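In: Dropping a prediction and its sequence here:
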Amino acid sequence: MKKRLPEIILFTLAVVLLGIIVSRPVGVVDEEVAEPVQEKNIVEQDSMYGIVVDSLDVEHYIVENHQNVSEILSNFNVSMKTIDRLAKKSKDVFDVRKIRAGNSYVAMTKKDSLNTIQYFVYEKNATDYVVYDLRDSVEIFSGTKEVKTELKQTAGIINNSLWMSIKNSGADPFLAIKLSEVYAWVVDFYAIEKGDQYKVIYEELRVDGEPVGLGRIQAAWFDHREQPYYAFYFVQDTVGDYFDLEANSLRRTFLKAPLRYSRISSRYSNSRLHPVLRIRRPHHGVDYAAPRGTPVEAIGEGRIIKANYSGGAGNYVKIRHNSTYTTGYMHLSRYGEGIKVGKQVKQGDIIGYVGSTGLSTGPHLDFRFWRNGDPIDPLKVESPPAEPVDSSNLKRYNKHINQWKEKLDDITIDSDPVKDPA
């Protein structure tokens, strides 16, 4: 049925208006408007997955729920005999039973009336894939896509949490974890306050033009309680680390906290009402409330001098780091692998998991710190710094950080609280 003239005019105006509103890449000219592809996406390019595809139709699909390789290939008229041979031959490269719903696959077919499938490509994840060559005899090989890095930046003021602030800025929220690892030795991320600020220049990993993860943080600035901390990644003697403006390492002998996800439920005190005994007595430690099973890390290198059940402390690990400092970890649900008296541990080793053993009202870690045998507040420990940039590398370091500092200082922070709702 032919359209009436007014309808044709309205349709034309709508198309023109859409062309004005939609942003298009500079230099791209469409000769005609293509019909939307609903069931498949045919890509025009010279090669993919190491295969020349200029004579093939390339179709992208998603594995559906309960779909297996047999069903997928049957849709392309592949015989059961060929499918069985493919499954058996694939075992040393990839077990086809592990094909997962939601993952992508690609079918490459001849440009003829039969659309005979030539290649079947299954993408195990964003970077790794398996190619099944179905042309003559089944040949199978795996490959990895090229991962490119793109420099990104983000900044913000914290109203609720670093995670939410970064997420609301449009950046990958996992950047919060990377940032906390850079500053783990100088900023207690369980004591971040509203109003703390940050700027980060980091690498975003991309495959086929799409973001797939995070690379390295190149430079950062974090203002915690109005105390600014710069961090610059620098490599010397083939080893990379983060240093500040004065070329001092951001690493310290001790981590600021022994676990990553928690809140402080009770602080160091000489007179605290015990939640179980209901009497006042000293609490020479910091309680970190966290879900049962949260990994607990050794805050520094040392030797385990205690690893057993100890009355009200429950499952208990104690580490002597040197002649001056000792730390304790209480109420553990269980110990880390191989944890026993006499074992030497490194900073970051998992020594146990949060629990509620001993005198405890709920899952938490009671963390203790001793200096020369006397208890001290873990939140007030001044840890000596690691080695600074070597003097022979100072000139190169200063030249390196000047460019990054200039870029950081040029980043403006959006103070709009709507971007990080409380």
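Out: Yep, it's here. Residues are numbered from 1 along each chain as shown.
In: Checking I351 next. Helix, strand or coil?
Out: Following DSSP: H, G, I helix; E, B strand; the rest coil, the label given to I351 is strand.
In: Counting neighbours, what do you get for it?
Out: Applying other C-beta atoms under 10 Å, we find 25 residues neighbouring I351. In short, each C-beta sits where N, CA and C put it, glycine included.
In: for I339, same thing?
Out: Neighbours of I339 (other C-beta under 10 Å): 18.
In: Test my guess that it contacts A307.
Out: Yes: counting by C-beta atoms under 8 Å, I339 touches A307, with 5.4 Å between them.
In: Next, show the common contact partners of these two.
Out: V317 (C-beta atoms under 8 Å, 6 or more residues apart in numbering).
In: what mean pLDDT does stretch 263-280 have?
Out: Per-residue pLDDT values over stretch 263-280 give a mean of 63.
In: lowest-confidence helix or strand of the protein?
Out: Every helix and strand in the chain was compared by mean pLDDT, DSSP states H and E; the lowest is helix 5-21, with a mean of 40.
In: After it, which helix or strand is next?
Out: Downstream of helix 5-21, the first helix or strand assigned by DSSP states H and E is strand 47-48.
In: and the nearest residue to E146 once chain neighbours are set aside, what does it touch?
Out: Closest residue to E146 apart from its sequence neighbours, by C-beta to C-beta, 6 or more residues apart in numbering: V207 at 7.3 Å. Taking C-beta under 8 Å, 6+ apart, we find V207 in contact with A126, T127, K145, E146, V147, K148.
In: give me every residue that touches the fifth one.
Out: Read it as V147. With contact set as C-beta under 8 Å, 6+ apart, V147 has these partners: T127, L205, R206, V207, V212.
In: Drop anything exposed from the residues you listed.
Out: By neighbour count, with 16 or more other C-beta atoms under 10 Å, those hold T127, L205, R206, V207 as buried.
In: Could you identify the most distant pair in those?
Out: Across the buried ones among the contacts of V147, the longest distance by C-beta to C-beta is 10.5 Å; it joins T127 and R206.
In: what residues do these two have in common as contacts?
Out: Common neighbours of T127 and R206 (C-beta under 8 Å, 6+ apart) are V147, V212.
In: and the contacts of V207 as a markdown table, adding distance to Y198 and secondary structure?
Out: Shown next, in a markdown table, are the contacts of V207 (distance: C-beta to C-beta, whole Å; DSSP: H, G, I helix; E, B strand; the rest coil):
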| residue | distance to Y198 | secondary structure |
| --- | --- | --- |
| A126 | 27 | coil |
| T127 | 29 | coil |
| K145 | 32 | coil |
| E146 | 31 | coil |
| V147 | 26 | coil |
| K148 | 25 | strand |
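In: Can you tell me which of those is closest to D172?
Out: Lowest distance from D172 to these (C-beta to C-beta) belongs to A126, with 13.2 Å.
In: Quick check: bridge partners of the spatially closest residue to V187 that is not a sequence neighbour?
Out: Nearest-residue entry for V187: H224, 5.0 Å, with adjacent residues in sequence omitted and distances by C-beta to C-beta, 6+ apart. On the basis of DSSP bridges, H224 is bridged to Q227.
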